[in-house]
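[1] What follows is a predicted structure for the sequence shown.
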2 protein chains.
Amino acid sequence: VCELLGMVASHPADVSFSFTGLALRGGHTGPHADGWGLSLYEGRFARTFLEKDPAHSSPLARFVRENPIPTRLAIAHVRRMTRGIASLPNTHPFVRVVDHRHVVFAHNGTLPHVKQLPLKYESVLGDTDSEYAFCVLLEALRAAYGPRYPEDPAALGKTLFELGNELGRDGIFNFLWADGQHLFARCGDNLHRIEYEAPFGSATLVDAEVKVQIREVLHRVDDASMAVVSTVPLTRDESWTKARPGTLWVFSDGKLVHSFLPPTSYQGPSSEAPAWAPS
Amino acid sequence: VCELLGMVASHPADVSFSFTGLALRGGHTGPHADGWGLSLYEGRFARTFLEKDPAHSSPLARFVRENPIPTRLAIAHVRRMTRGIASLPNTHPFVRVVDHRHVVFAHNGTLPHVKQLPLKYESVLGDTDSEYAFCVLLEALRAAYGPRYPEDPAALGKTLFELGNELGRDGIFNFLWADGQHLFARCGDNLHRIEYEAPFGSATLVDAEVKVQIREVLHRVDDASMAVVSTVPLTRDESWTKARPGTLWVFSDGKLVHSFLPPTSYQGPSSEAPAWAPS
């Protein structure tokens, strides 16, 4: 498995405080020792840093921590190998150009049968089920919306919610999806969120005796808001909201703007084999 | 204008020595002060570093110089703004996923009318003529070869040679194109190459009193070979070969493997308006 982190803010924020918490899990305090990746949006362009080495000892991860790049939207991933070999093409987040923007995707879990689905337009660079699932989602969006990327976050959220629950029948499918404006977060079995608004307090990272002033993270903009979503709560003195399996959250401008909830009959991952998986 | 650098080697090499020469031109000794980019292949995956700040003062450029990442194929670009605003989406190299590999492209020059050409599949992230030209080339390859990327470097070289001379009628079109295996370098008006084979000597960077032992760059692999191509000769005590306008070179495994030369009647850039430009 691996850990996911998403951040969306109304004003440019330093994601490095959250990334530090996640990076410390990269081999130092956690078992996640097989590489990491970080995508930082500037407008619709995602600058992406990837490394095969554990984040706690990586010079590039140190560079990112010591030279924070303010951003309003970011996705980070720390990976322990489950499928495929440790290599750059297998390192999350995955990035594609779609209709004048970068779309960024990271996954926690496994989808054992997803590679049985056909791909026509998209192609993978590595051999993970995660990147393959990303390509399947991109092709499904193309089938639903044509070559134009859907600008309406409610419509796109509903589509990703439905696709997530369809693909998620195959296994564990926690994922983050970003497009430069919105962050979509799907819970397979493990996803937490926290939202920050003034008055801002302090937070203590789970795996380090580091106290962070949220107001400093937001560059002292007092009307700023920020949301952080992660497979694991990253701070230990705050109240994180846990998602129910099958939920998809949509964040925009630092806030949760839509929640798509599964029917109460939804049994979570692996309760039913997908139609395209062998019986 | 801006400067281009391409490196291809038979064994993993430190491109940072060449990049240092190029980076010094980023505002320190040269006029190229509006950002830089560097793509380093690992297999068919291109790790890309981009920065809006001048390379001579950028912390990320310093990181890249101080933590050299051995690679067999790299493209670098240092930019002075000519078209569009200085922003990440306007920073070369440009990268797209094509049939299971990253294709990387960087351009020196301007193509004033290229945006009049239609795009169907590809879309741009920024507003440069360079990225637009890259998308035009990708669509032309798709028209010629279908969704499969052409594996034969001679065939692809001939196609890029012909497309380069067609688009190059519009202006200055020096470009580098890489696909994880081969490097294609097209001369609009300015392109130089140098090839290294044992016995290796030393080279002195043009803008710095830095002497580089080529054998160290190649990690003391004595049967290694390496080729470097650049819009400007980067060393001052070596003999660089200058291309004739309209030429396209193909490099593989550290060596020049194909040269496509224009007919002697070829007049170079801007001698004739392209058919798709207004008369």
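    Cool, the structure landed. Numbering: from 1, shown residues only, chains lettered A, B, ... in the order given.

[2] what does the stretch 51-200 of chain A put close to chain B?
    A:59-60, A:63, A:67, A:87-89, A:96-102, A:121-126, A:147 (CB under 8 Å from any CB of the partner chain). In this view, the C-beta of every residue, glycine as well, is placed from N, C-alpha and C.

[3] could you redo the last one with a cut-off of 7 Å?
    Contacts of the stretch 51-200 of chain A with chain B, taken as CB under 7 Å from any CB of the partner chain, map to A:59, A:63, A:67, A:88-89, A:96-97, A:99-102, A:123-125.

[4] Would you reformat those as CSV and include pLDDT?
    Converted to CSV, those look like this (pLDDT from 0 to 100):
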residue, pLDDT
A:Pro59, 84
A:Phe63, 86
A:Asn67, 86
A:Leu88, 92
A:Pro89, 94
A:Arg96, 98
A:Val97, 98
A:Asp99, 97
A:His100, 98
A:Arg101, 98
A:His102, 98
A:Ser123, 97
A:Val124, 98
A:Leu125, 98
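
[5] Between all of the residues you listed, which two are separated the most?
    Farthest-apart pair in those is A:Pro59 and A:Asp99; separation 35.3 Å (CB to CB).

[6] Show me which of those two is the more surrounded one.
    A:Asp99 (17 against 12; other CB atoms under 10 Å in any protein chain shown).

[7] Could you count how many residues lie near the nearest residue to that one once chain neighbours are set aside?
    Sequence neighbours aside, A:Tyr149 is the residue nearest to A:Asp99 in space, at 3.9 Å (criterion: CB to CB, 6 or more residues apart in numbering or on different chains). Using other CB under 10 Å, A:Tyr149 is surrounded by 19 other residues.

[8] A:Glu151 now?
    12.

[9] Give me the three-state assignment for it.
    coil (DSSP: H, G, I helix; E, B strand; the rest coil).

[10] Also A:Gly157?
    helix.

[11] Quick check: the closest residue to A:Ala277 other than its chain neighbours vs chain B, distance?
    Nearest non-adjacent residue to A:Ala277, counting by CB to CB, 6+ apart: A:His113, 3.9 Å away. Counting by CB to the nearest CB, to the nearest Å, the separation of A:His113 from chain B is 21 Å.

[12] Local confidence estimate at the residue nearest to A:Asp99?
    Looking at A:Tyr149, its pLDDT stands at 97.

[13] Grab the nearest non-local neighbour of whatever residue of the stretch 151-279 of chain A ends up closest to chain B.
    Distance from chain B to each residue of the stretch 151-279 of chain A (CB to the nearest CB) is smallest for A:Gly180, at 9.6 Å. Excluding its sequence neighbours, the residue lying closest to A:Gly180 (CB to CB, 6+ apart) is A:Arg44, at 3.5 Å.

[14] For the lowest-mean-pLDDT helix or strand in chain A, which helices and strands make contact with it?
    Least confident helix or strand of chain A, by mean pLDDT, DSSP states H and E, is helix A:16-24 with a mean of 71. Where contact means 3 or more CB pairs under 7 Å, 6 or more residues apart in numbering or on different chains; DSSP states H and E, helix A:16-24 is packed against strand A:2-13, helix A:59-66, strand A:71-79.

[15] hmm, 10 Å instead?
    Counting contacts by 3 or more CB pairs under 10 Å, 6 or more residues apart in numbering or on different chains; DSSP states H and E, helix A:16-24 packs against strand A:2-13, strand A:36-42, helix A:59-66, strand A:71-79, strand A:202-204, strand A:211-213, helix A:214-217, strand A:225-230.

[16] which residues touch the residue nearest to A:Gly180?
    A:Arg44 makes contact with A:73, A:97-103, A:149, A:179-181, B:88-89, B:125-126 under the criterion CB atoms under 10 Å, 6 or more residues apart in numbering or on different chains.

[17] let's see it at 8 Å
    A:His100, A:Arg101, A:His102, A:Asp179, A:Gly180, A:Gln181, B:Pro89, B:Leu125 (CB atoms under 8 Å, 6 or more residues apart in numbering or on different chains).

[18] now A:His107
    Counting by CB under 8 Å, 6+ apart, A:His107 makes contact with A:Leu4, A:His92, A:Thr128, A:Asp129, A:Ser130, A:Ala133, A:Phe134, A:Phe173, A:Asn174, A:Phe175.

[19] Tell me which two in these are the farthest apart.
    Using CB to CB, the two most remote members of the contacts of A:His107 are A:Leu4 and A:Asp129, lying 15.2 Å apart.

[20] The two: who's more crowded?
    A:Leu4 (26 against 23).

[21] Tell me the bridge partners for A:Phe184.
    A:Phe184 has these beta-bridge partners by DSSP bridges: A:Trp177, A:Val250.
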